[in-house]
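Visitor: Okay, here's the prediction I keep looking at, along with the sequence it came from:
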Amino acid sequence: MSKDANYIKLINTTRWRQLRLKKLQAQPLCECDECTANEKITPATEVHHIVPVESVNNIEQMETLMFAFKNLMSVSHECHVKIHQEMFSHSKVNVKKANEKRTKRFIDKYL
Ligand SMILES: [Zn+2]
Ligand SMILES: [Zn+2]
């Protein structure tokens, strides 16, 4: 995945590392659709952004998505990989449309 400079800057902050830790402590199990649907107990080791940070273009909104607790999802490494594969397995146009809708909803609600 190509990551832009702002994203890399944000992901390397102490603020992100602390928030990530806080999220994993608050929700130590994988919250992916598959695990929650099957009530699987999978330890989460990573934190996923529900609305991708890179779905917005300006740094202020990126920062909001990056650090919004409600935009975080605890996931296991395996499930995280799967989520990202699924995000890219659909045709790009559909993913883009779905992301735009989700992003807009999120922005309307929280920004
Ligand atoms: Zn999972
Ligand atoms: Zn992710």
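Guide: Received, thanks. Ligands and ions are numbered 1, 2, ... in the order given.
Visitor: doesn't E39 fall inside a helix?
Guide: No: counting by DSSP: H, G, I helix; E, B strand; the rest coil, E39 is not found in a helix; it is coil.
Visitor: How many residues are close by it?
Guide: When neighbours are counted by other Cβ atoms under 10 Å, E39 registers 6. In short, each C-beta sits where N, CA and C put it, glycine included.
Visitor: And for the one 5 residues further on?
Guide: The criterion is other Cβ under 10 Å. On that basis, A44 has 22 neighbouring residues.
Visitor: Which strand or helix spans the nearest residue to it once chain neighbours are set aside?
Guide: Leaving aside its sequence neighbours, A44 sits nearest to S74 (Cβ to Cβ, 6 or more residues apart in numbering; 3.5 Å). Using DSSP states H and E, S74 sits within strand 72-75.
Visitor: Tell me the helices and strands packed up against that strand.
Guide: Contacts defined by 3 or more Cβ pairs under 8 Å, 6 or more residues apart in numbering; DSSP states H and E place strand 72-75 against helix 14-26, strand 46-49.
Visitor: who's in contact with stretch 99-106?
Guide: Applying Cβ atoms under 8 Å, 6 or more residues apart in numbering, the contact partners of stretch 99-106 are 50-52, 55-56, 65, 68, 71.
Visitor: same thing but 10 Å
Guide: Residues from elsewhere that reach stretch 99-106 (Cβ atoms under 10 Å, 6 or more residues apart in numbering): 50-52, 54-56, 61, 64-65, 68, 70-71, 87, 111.
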